[in-house]
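Colleague: the following comprises the amino acid sequence and a computationally predicted model.
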Amino acid sequence: MRREVEMEKYLNSFSRLGATLAMVLLRYRERHLNESREHHKTENLVRWSRLHSPLSRVGP
């Protein structure tokens, strides 16, 4: 009986560790996706503003 309780404690702490690790990975992935999305948004804005800027129409 005592051994089963010890085993259960071990499994509980192990699964808690796994859940924590999963949360950390999900947060990291989410932040990384948001950063790359923001990066593309910024790139597209820069490209758009270069295309539509009045300065780009002033040619030689």
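Modeller: Cool, got the structure.

Colleague: which strands or helices does the host helix or strand of residue 21 pack on?
Modeller: Taking DSSP states H and E as the definition, residue 21 sits inside helix 2-52. Contact partners of helix 2-52 among helices and strands, from 3 or more CB pairs under 8 Å, 6 or more residues apart in numbering; DSSP states H and E: none. The way it works is simple: take the backbone N, C-alpha and C, and place the C-beta from them, glycine included.

Colleague: show me how far it is from its chain's centre.
Modeller: Once both centres are worked out by CA atoms, centre = their mean, to the nearest Å, helix 2-52 turns out to sit 5 Å from its chain's centre.

Colleague: average pLDDT for it, rounded please.
Modeller: Rounded to a whole number, the mean pLDDT of helix 2-52 is 89.

Colleague: from residue 46, how far off is residue 39?
Modeller: Here the distance between residue 39 and residue 46 works out to 11 Å (CB to CB, to the nearest Å).

Colleague: actually residue 11, sorry about that
Modeller: 52 Å.

Colleague: residue 8 now?
Modeller: Distance of residue 8 to residue 46, given as CB to CB: 57 Å.

Colleague: cool, residue 35 as well?
Modeller: Plainly put, residue 35 is 16 Å away from residue 46 if you go by CB to CB.

Colleague: repeat for residue 31
Modeller: Residue 31 sits 22 Å away from residue 46 when distances are taken as CB to CB.

Colleague: likewise for residue 40?
Modeller: Following CB to CB, the distance that separates residue 40 from residue 46 is 11 Å.

Colleague: next one: residue 7
Modeller: When distance is defined by CB to CB, residue 7 is 58 Å away from residue 46.
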